[in-house]
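*Asks:* Turn this into a structure:
(chains A and B)
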There are 2 protein chains.
Amino acid sequence: MSDDAVVRPRPDAAVTLRPASGGRVEGGFWGARQRVNREVTIPLGGERIRESGAFTNLELAALERTGGAGGEHQGKVFADSDVYKWLEAVAWERGRAEDESLARSYDEAVRVVAAAQRPDGYLHTHTQLTGRPPYSDLASSHELYCAGHLMQAAVAGRRATGDATLLGVAARFADHLVKDLPGDALDGHPEVETGLAELYRETGVRPYLDLAARMITGRGHERLPLKGHHGPGIRQDRVPLRAATAVEGHAVRAMYLAAGAADVAAETSDRGLLDALERQWLDMVATRTYLTGGLGSVWYGEQFGGPHELAPETAYCETCAAIGSVQWSWRMLLATGAARYADLMERTLHNAVLPGISLAGDRFFYVNALRVRAGANPDDRRAAARGRQDWYGTACCPPNAMRLLSSLGHYLATRDDEGVQLHLYANGTIRAGDVLLEVETDYPWDGRVEIVVRETPDLPWTLALRIPAWADGTAGVNGEPANPGYHRVRRAWRPGDRVTLDLAVRPRLTAAVPRLDVARGHVAVERGPLVYCLEQVDHPGVIVDDLCLAGPDLRDGAPLPGLPAEVVPVLARGRAHAHREEDGGFPYRTATAPREPEHAGPVELTFVPYHTWANRGAGPMTIWAPMH
Amino acid sequence: MSDDAVVRPRPDAAVTLRPASGGRVEGGFWGARQRVNREVTIPLGGERIRESGAFTNLELAALERTGGAGGEHQGKVFADSDVYKWLEAVAWERGRAEDESLARSYDEAVRVVAAAQRPDGYLHTHTQLTGRPPYSDLASSHELYCAGHLMQAAVAGRRATGDATLLGVAARFADHLVKDLPGDALDGHPEVETGLAELYRETGVRPYLDLAARMITGRGHERLPLKGHHGPGIRQDRVPLRAATAVEGHAVRAMYLAAGAADVAAETSDRGLLDALERQWLDMVATRTYLTGGLGSVWYGEQFGGPHELAPETAYCETCAAIGSVQWSWRMLLATGAARYADLMERTLHNAVLPGISLAGDRFFYVNALRVRAGANPDDRRAAARGRQDWYGTACCPPNAMRLLSSLGHYLATRDDEGVQLHLYANGTIRAGDVLLEVETDYPWDGRVEIVVRETPDLPWTLALRIPAWADGTAGVNGEPANPGYHRVRRAWRPGDRVTLDLAVRPRLTAAVPRLDVARGHVAVERGPLVYCLEQVDHPGVIVDDLCLAGPDLRDGAPLPGLPAEVVPVLARGRAHAHREEDGGFPYRTATAPREPEHAGPVELTFVPYHTWANRGAGPMTIWAPMH
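*Replies:* Residues are numbered from 1 along each chain as shown, chains lettered A, B, ... in the order given. Predicted coordinates:
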């Protein structure tokens, strides 16, 4: 296991925690998802990206560069980034287990990328093939956005495989940016900031970090041109990040920018910037985060809405925004050591990232609705009712999910001078310096997590286990109660020592605060870190729109046909409202003499994990169940 | 009072009711709105339309037609229609009371329109000034949409003033359509159908009706090209109208098309088409109508959502859609005589049309939100939080409201062989053949309506009074209980006879059916036909987002500063939720041990009529109040 963290602060960075040397997921919940990602999603993604013309663009750019004919750019201006994200996923996979076919795919793709790069280091096929001057339309061109993904892929390649070919390409492009990018240039879509910071961490070339820092400071002065009806906030250019109190605008851009800012804050020991990020993160969680961890409630501009504007039906919850949220929270966790960041990561991974990929790994949601109604308007582009799609014209999400799943082992644990901290629980092993831990668990289906110390130094050290906020009052470590936050066990460890964590994974009801008006009168079902939903396929003879709970008792159910056997459904007593078309059907009635709602009889409600929905056909679905 | 109905079925039309010869609003609720419309909105609208370049376009087209220089078209492709709608309003105003200045404005504008018309009858300044062939881009050009508005304005001019100049222009254009429009041509935006039908009614030229009928039948076969992500339903071209079971797509287009189809059904005695329209209307009211009568819940495409998808915050509720709804319902009322159509007209006029214009008549809402939250995203284009606007780049709504308000008297009453039917109650007079009625009322502020017979034939006839559905169980006529629908009084009337209708206008609570999930746990306040709302300005020290009812008792309040003295607020005991930022602020909490919501103390809730909101500054507002 190499020391292959996704994020690796420099030795002098202002961080509280440092990534463990490595984490390996083996079997269990996440192992199954990693296997599907490697065996199905990544090969399929490579094909789809090839079909989209993204590789052809690189080949054409290479041809043109060497005096050939060139040709017309295909796909979106950010098509290159699909290749880079996919390459990053392949790199992490090679780090997990080398394999000839993977290595061949990787080397071939890196060769194509390298060949497309201009001698001066510049690389962006849309700009190259259209003949536009570099950096002349940064508000829309995504040149630096693509560059950022290239840098992340290159660092992954170096860390996971040891091969530095792509790193050389990325560094040459970064050098071009340092040298030729106009002094106040900003990309309409942040991403290069975090790419530059990690490239600095990998190479030690300080100007990369300085450029990232300059871009963080340069945003928020309304310098980017506006597009259509969009205000400057969409492109993260309305308020300087250090002054902002809330996230706003395009959710993915906000997350990527915040991740880059957290990198810069750590590497420059910028406490003021970190404080601003903490403030924005807290406000985001308190007012603009769906129960799933999903982000973005306004379709127009794929953006954050107002505080507590979190309607489930119109949820945007782009898969990429959830991935960006995980990236930001991880950086905040390293900087501060606060458990809340890992709590949100866990919630988001299980309920906002995973729903973006079918269980079979071959179909995708770009937007993740939290309620789908019967009889949706067939002309409505909100596609949840149509189920996951094979691919997307804007295919940012699938390869983004691929690279996150491939690198998931690196988000499990950290270390500090006191010892080792476990943040996410997955079956597998954790290496942190001279400590090697084995984690045995069927989490999140079961709450028992066994941690076995396999290698340890002689001196005492502290094992810190995150107790999620949802486990308040029910968690135990070695039979003793454990409170939310980090439960610490300090000991002189011996190989073979065991710690048993019990997170008491049981179904529970969750309600929203009063300001979250659209959830009033509803509850959601959660079980451990998983948010559940009611799906049409489990309720024949009624429609989900009419279902409500008849009582608070929840219980685990038997496996459902069509879902993997390990998926635990949750059952509850429910009722179906008798839908009446009386009174000319006008759906509003005088309430001064309230009428008991009429029910058509009892219905057993079957809640399934939200991330498993739309794997047995699409149809009506809701995460919020009415209480009566 | 001339026989100047807006809609005047031919003698052989298949209708149940025919418009009264005339209705005149004098004083009272609607009289005040008509006065503001005439004195403020129409003059201001004329100026704004002039500033938009719409008159200049016509002048340039005239110049070009006569060999002059022409020039560049200004504004939207449908700019001409703003002029026509404004002209229609001015025509109806001249019918209400002649005035030299109005007559001059009218004659001058008609002269400009007539001068722009090509000798062959064609008239659409955008097409003329850009030099594109007529009818070559009907999906987007709005050529026939503008033609329809021209026809309606021309018919209004003829009926209200007797002047036939504009009617000649419209007829020449209609002749051009009959002769030169390709056989299967459809406009992307319906409107010409109802214009052609009314032009037929006025002129008796049957080919106008035949063309309208052909366009009704021709829609719904996916022949119009698609735009962007829009499906064919947006342009009303997915399902043939006779086969459709629900309204769909762009709400204004749906309403205009349905109105035209109702005209065609009446004039061609097409029972199948009328049945299809009734079915769609019933489904619309049962599943896609806001409490206000507002239509359209999806911003993208300004369209209808799925059934019961009626989130108040994201309501689109375009003012034009409400106006189109009134137009459709009126035609359905004439065809069937069913009270439900007048019920919806009343609801829509008071709560979905009126909110589009400020009380002073000088500012406008295009979109009518039903909930505005504190702390809205400043980048969000949903502009409700910014209040009404002076004018709009797409200025369809203000002149549309002008023409409806100017012609409102024509929607009050109808007649049939049995007698006279009153549908809407406004202070003023109703002429129906040799019957003249005087209506004295302070409705909707007060529920007492006195109808005095001023002229009557000797033979007995029936006076039918609509009892709104909301008055179920509380209405009386001459002291006797009266049920919703039409309460009929048959008598040999004598001048001076009086009938007293009491609609018991009192505040009441209204709840939504279970399928309307976003209103669960909330109630609305209504009083007579008016929907009320909570507005920030009346609740200093708390924010509307935190308010809830503390009990079901409602009472009338004293006049509020800043609103006209006749506006009756409704008061209720309420509470403000104590908003807590605990638990890291995550707004979701385990509900197995439910915690009583904390309240920061009692608050007197002040509900004001929704149509009066945003007249004392804009801010948070809601029509749905939480029950706890």
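
*Asks:* where along the stretch 301-450 of chain A do the strands fall?
*Replies:* Secondary structure of the stretch 301-450 of chain A by DSSP state E, counting those that start in this stretch: the strands cover A:371-372, A:413-415, A:419-422, A:428-432, A:435-441, A:448-455.

*Asks:* Show me what counts as buried in the fifth one.
*Replies:* Buried residues in strand A:435-441, counted by 16 or more other CB atoms under 10 Å in any protein chain shown: A:435-441. (Glycine included, C-beta is placed from N, CA and C.)

*Asks:* follow-up on the earlier one: weakest of the strands of the stretch 301-450 of chain A by average pLDDT?
*Replies:* Mean pLDDT values for the strands of the stretch 301-450 of chain A show the minimum at strand A:371-372, a mean of 91.

*Asks:* Adjacent strands (with direction) for that strand?
*Replies:* Strand A:371-372 has the following strand partners under DSSP bridges: strand A:621-622 (antiparallel).

*Asks:* Point out the other helices and strands that the helix or strand just after the strand it pairs with packs with.
*Replies:* Going down the chain from strand A:621-622, the next helix or strand is strand A:625-626, by DSSP states H and E. Contact here means 3 or more CB pairs under 8 Å, 6 or more residues apart in numbering or on different chains; DSSP states H and E; on that basis strand A:625-626 packs against strand A:522-527, strand A:547-556.

*Asks:* Can you tell me which of the ones you listed is packed in deepest?
*Replies:* Each of those was scored by mean neighbour count; the highest is strand A:522-527, a mean of 25, by mean count of other CB atoms under 10 Å in any protein chain shown.

*Asks:* Not counting its own residues, what contacts the next helix or strand after that one?
*Replies:* Later in the chain than strand A:522-527, the nearest helix or strand by DSSP H and E is strand A:530-535. Residues from elsewhere that reach strand A:530-535, judged by CB atoms under 8 Å, 6 or more residues apart in numbering or on different chains: A:291-292, A:347, A:350-351, A:370, A:444, A:507, A:524-526, A:544, A:547, A:570, A:605-611, A:613-614, A:616, A:619-623, A:625.

*Asks:* Check whether A:Val252 sits in a helix, strand or coil.
*Replies:* Following DSSP: H, G, I helix; E, B strand; the rest coil, the label given to A:Val252 is helix.

*Asks:* so it sits right up against A:Phe304, yeah?
*Replies:* No: using CB atoms under 8 Å, A:Val252 is not in contact with A:Phe304, being 10.8 Å away.

*Asks:* who touches both of these two?
*Replies:* Here A:Val252 and A:Phe304 have A:Gly296 as joint contacts, going by CB under 8 Å, 6+ apart.

*Asks:* what residue ranges in chain A are flagged as low confidence?
*Replies:* A:1-3, A:378, A:381-383, A:579-584, A:592-600 (pLDDT under 70).

*Asks:* tell me the contacts of the residue sitting nearest the centre point of it?
*Replies:* Centroid-nearest residue in chain A, with CA atoms, centre = their mean: A:Ile323, separated by 1.9 Å. By CB under 8 Å, 6+ apart, the contact set of A:Ile323 is A:255, A:353, A:397, A:400-401, A:404.

*Asks:* what about 10 Å?
*Replies:* Taking CB atoms under 10 Å, 6 or more residues apart in numbering or on different chains, we find A:Ile323 in contact with A:85, A:252, A:255-256, A:348-349, A:352-353, A:356, A:396-397, A:400-401, A:403-405.

*Asks:* which of those residues lies closest to B:Glu59?
*Replies:* A:Val252 (48.7 Å; CB to CB).

*Asks:* could you check the distance from the closest one over to chain B?
*Replies:* Distance from A:Val252 to chain B, counting by CB to the nearest CB, to the nearest Å: 15 Å.

*Asks:* go on, A:Pro355?
*Replies:* Separation of A:Pro355 from chain B (CB to the nearest CB): 17 Å.

*Asks:* What's the local residue count around that residue?
*Replies:* 28 (other CB atoms under 10 Å in any protein chain shown).

*Asks:* What separation do you get for the residue nearest to it when sequence neighbours are not counted and A:Thr292?
*Replies:* Once flanking residues are discounted, A:Pro355 sits nearest to A:His611: 4.6 Å by CB to CB, 6 or more residues apart in numbering or on different chains. Here the criterion is CB to CB, to the nearest Å. By it, A:His611 lies 9 Å from A:Thr292.

*Asks:* Which residues are in contact with each of these two?
*Replies:* Joint contacts of A:His611 and A:Thr292 (CB under 10 Å, 6+ apart) are A:350-355, A:368, A:530-531, A:533.

*Asks:* Most neighbours among those, please name it.
*Replies:* In terms of neighbour count, A:Ala352 stands highest of those at 31 neighbours, by other CB under 10 Å.

*Asks:* Pretty sure that one sits against A:Ala322.
*Replies:* Yes: between A:Ala352 and A:Ala322 a contact is recorded at 3.5 Å, counting by CB atoms under 10 Å.

*Asks:* Can you work out which residues contact both of the two?
*Replies:* Between them, A:Ala352 and A:Ala322 share the contacting residues A:290, A:292-295, A:368, judged by CB under 10 Å, 6+ apart.

*Asks:* Now for the nearest residue to A:His73 once chain neighbours are set aside, how many residues are close by?
*Replies:* Spatial nearest neighbour of A:His73, excluding adjacent residues (CB to CB, 6+ apart): A:Leu129 at 4.1 Å. Applying other CB under 10 Å, we find 20 residues neighbouring A:Leu129.

*Asks:* Now do A:Leu129 against A:Glu440, distance only.
*Replies:* Per CB to CB, A:Leu129 is found 52 Å from A:Glu440.

*Asks:* what about A:Ala311, distance to B:Asp546?
*Replies:* To B:Asp546, A:Ala311 is 19 Å away according to CB to CB.

*Asks:* Just to check, A:Gly56 is in contact with A:Gln74?
*Replies:* Slight slip there: residue A:56 is Thr, not Gly. Yes: A:Thr56 is in contact with A:Gln74 according to CB under 10 Å; the separation is 6.2 Å.

*Asks:* Show me which of A:Val252 and A:Phe304 is the more surrounded one.
*Replies:* A side-by-side neighbour count of A:Val252 and A:Phe304, using other CB under 10 Å, places A:Phe304 first with 29 against 26.

*Asks:* doesn't A:Val247 make contact with the more buried one?
*Replies:* Yes: counting by CB under 10 Å, A:Phe304 does reach A:Val247; the two are 5.7 Å apart.
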